[in-house]
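Visitor: curious how this folds, go ahead:
(2 chains)
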Protein chains: 2
Amino acid sequence: MRRAFDPSVYLVADAASVGDRPVADIVAAAVDGGVSAVQIRGKELSAAELLRVVEEAALHMAGRATLLVNDRVDVFLAARAAGAAVDGVHIGQSDLPAGRVRDLVGPDAVVGLSASLASQLPALRGLPSGTVDYLGVGAVRPTPTKKDHPAPLGWDGFAAFAALVPDIPCVAIGGVGPGDAADARRAGAAGIAVVRAICAATRPAEAAAALRVEWADAGAGA
Amino acid sequence: MRRAFDPSVYLVADAASVGDRPVADIVAAAVDGGVSAVQIRGKELSAAELLRVVEEAALHMAGRATLLVNDRVDVFLAARAAGAAVDGVHIGQSDLPAGRVRDLVGPDAVVGLSASLASQLPALRGLPSGTVDYLGVGAVRPTPTKKDHPAPLGWDGFAAFAALVPDIPCVAIGGVGPGDAADARRAGAAGIAVVRAICAATRPAEAAAALRVEWADAGAGA
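Guide: Here you go, the predicted model:
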């Protein structure tokens, strides 16, 4: 059965952004700290390496967070088939088309999609309901961890985009970190996705916990 | 039902080796010329681009050749789900493990695996029967199209390796081309896999036809 998906404090665990620390260690700390979702991203990893990282990370979920795999649907399928606690995939605009991915992973997996351009709206609106569970919308600000994104949206741009896809939760990504939760909530974000704010933190668990508190506080004050 | 798999004249259609010609055009010409198998390799392509190339290439198969996808099992699954004439995958040692791949693609798909090191033999022998349909063994000679391969085997090294895995057909790859069919057959090869000999040929169909004739002649003379 499908588990509840909470994208509110969302770690993108990027293998290229953790320095020489194991990705799974960062994930474990972040989940201990209270992130609600984790995406494993390893564009430079082989499929075998990515599978290993995903299966290691899955050991730390224990039902506390949703675990997603970036791009490699096959790695997700292989990990799931082996019983790992992995919940779905996150795909970009140059990955497999969302409809194809939904067909491959089935109705119970979580599917997220990166989007940010007005030109992508017709295709998004054309997706059958339930094809994607959320959109990763950004970059909100310039960020060094992803070089192929278009011009930063800012919070106004994020809010404008999110308003045009009212049926799909939008998670803010790209240069997002501490101090952003209130702006993100005001802009209509269902969550904040961070890379460096946790991956590059000296104490990833504490960084995650601070974001968790900040998100909750911003909601209480809304 | 599973189609007969003939790896004898095997094109690796490498997106990085075709210059500015469309991969699918090279594939179409090669199949017209008589290759028995085609692998689409596009390490630098996005999944969306690779899927497009695979589905274009599939239009030219018409039951004449086996079509395989390098590394991306998900691209294979997506193409097959959409009804494309695609038959299986070819994986390397750093891709998803062969047993995992067989589980994902099912018993009727073709699965090929790159291998060349004595250190890989225990794992190969430990695979359940039917896990892989053939091995791509090489590089036979130095080649610029794949930079991560170990020291070239030569034909003697190929023959020695193939003799140690008598239950799995071995296809010779790596610097293989015109003039090699007789040596390959003597070394126990089930086929010759070429990249540049067709991808970089001025007339890919004629290059493929010449290899086809050469392979057949080498067999007739054996």
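
Visitor: does the residue lying closest to residue A:65 once chain neighbours are set aside sit in a helix or strand, and which one?
Guide: Counting by C-beta to C-beta, 6 or more residues apart in numbering or on different chains, residue A:65 lies nearest to residue A:31, which is 4.9 Å off, once chain neighbours are set aside. In short, each C-beta sits where N, CA and C put it, glycine included. Applying DSSP states H and E as the criterion places residue A:31 in helix A:23-33.

Visitor: give me the average confidence score over the helix or strand following that helix.
Guide: Later in the chain than helix A:23-33, the nearest helix or strand by DSSP H and E is strand A:37-41. Averaging pLDDT along strand A:37-41 gives 98.

Visitor: now do strand A:37-41 against helix A:23-33, angle only.
Guide: Taking axes from the mean of the first three to the mean of the last three C-alpha atoms, to 10 degrees, one finds that strand A:37-41 is oriented at 170 degrees with respect to helix A:23-33.

Visitor: what strands line up against strand A:37-41, and which way round?
Guide: In the sheet containing strand A:37-41, its partner strands are strand A:9-14 (parallel), strand A:66-70 (parallel), by DSSP bridges.

Visitor: could you report the neighbour count for residue A:63?
Guide: 7 (other C-beta atoms under 10 Å in any protein chain shown).

Visitor: what does the one 3 residues further on give?
Guide: Here the count is done by other C-beta under 10 Å, and residue A:66 has 24 residues near it.

Visitor: equivalent analysis for residue A:124, please.
Guide: Other residues lying near residue A:124 total 18 when counted by other C-beta under 10 Å.

Visitor: A strand includes it, no?
Guide: No - when DSSP: H, G, I helix; E, B strand; the rest coil is applied, residue A:124 is found to be helix, with no strand at that position.

Visitor: okay, it: pLDDT?
Guide: 94.

Visitor: so which bits of chain A are right by chain B?
Guide: Residues of chain A lying close to chain B by C-beta under 8 Å from any C-beta of the partner chain are A:46-49, A:51, A:71-75, A:77-78, A:81-82, A:93-97, A:100-101, A:103-104.

Visitor: what's the neighbour count on the nearest residue to residue A:71 once chain neighbours are set aside?
Guide: Here the nearest residue to residue A:71 in space, its sequence neighbours aside, is residue A:95; by C-beta to C-beta, 6+ apart that works out to 4.8 Å. The local packing count at residue A:95 equals 23, with neighbours defined by other C-beta under 10 Å.

Visitor: same check on residue A:130?
Guide: Using other C-beta under 10 Å: residue A:130 sits among 9 other residues.

Visitor: contacting residues for it?
Guide: Contacts of residue A:130 were listed using C-beta atoms under 8 Å, 6 or more residues apart in numbering or on different chains, and they are A:102, A:107.

Visitor: SS state for it?
Guide: When the rule is three-state DSSP, residue A:130 gets the label coil.

Visitor: any stretches of chain A with poor pLDDT?
Guide: Filtered on pLDDT under 70, chain A yields the residue ranges A:1-3, A:145-149, A:221-222.

Visitor: which residues of it fall in helices?
Guide: Using DSSP state H, the helices of chain A run over A:23-33, A:47-58, A:73-81, A:98-105, A:121-126, A:154-164, A:181-186, A:196-199, A:204-220.

Visitor: of those helices, which approaches residue B:192 most closely?
Guide: Relative to residue B:192, the nearest member of the helices of chain A by C-beta to C-beta is helix A:47-58, separated by 26.6 Å.

Visitor: list of residues touching that closest one?
Guide: A:13, A:15, A:22-24, A:27-28, A:38, A:40, A:42, A:45, A:67, A:69, A:72, A:74-76, A:78-79, A:82, A:84-86, B:71, B:93-97, B:100.

Visitor: for PyMOL, what selects the buried ones among those residues?
Guide: A single PyMOL command selects the buried members of the contacts of helix A:47-58 (16 or more other C-beta atoms under 10 Å in any protein chain shown):
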select buried, (chain A and resi 13+15+23+24+27+28+38+40+42+45+67+69+72+74+75+76+78+79+84+85+86) or (chain B and resi 71+93+95+96+97+100)
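
Visitor: distance of the residue lying closest to residue A:127 once chain neighbours are set aside from residue A:152?
Guide: When the adjacent residues along the chain are set aside, residue A:127 lies closest to residue A:98, with 6.0 Å between them (C-beta to C-beta, 6+ apart). Distance, residue A:98 to residue A:152, by C-beta to C-beta, to the nearest Å: 24 Å.

Visitor: about what we covered before: the residue nearest to residue A:65 against residue A:66, yeah?
Guide: No - proximity of residue A:31 to residue A:66 does not meet the contact threshold set by C-beta atoms under 8 Å, at 10.3 Å.

Visitor: between the two, what contacts are shared?
Guide: Both residue A:31 and residue A:66 are contacted by residue A:38, under the criterion C-beta under 8 Å, 6+ apart.

Visitor: quick one: contacts for residue A:15?
Guide: Under the criterion of C-beta under 8 Å, 6+ apart, the contact list for residue A:15 reads A:23, A:40-45, A:50, A:53.

Visitor: no wait, residue A:189
Guide: Remark: with contacts taken as C-beta under 8 Å, 6+ apart, residue A:189 is in contact with A:137, A:158, A:162, A:170-172.

Visitor: not counting sequence-adjacent ones, nearest residue to residue A:167?
Guide: With C-beta to C-beta, 6+ apart, the residue lying closest to residue A:167 is residue A:129, at 7.4 Å.
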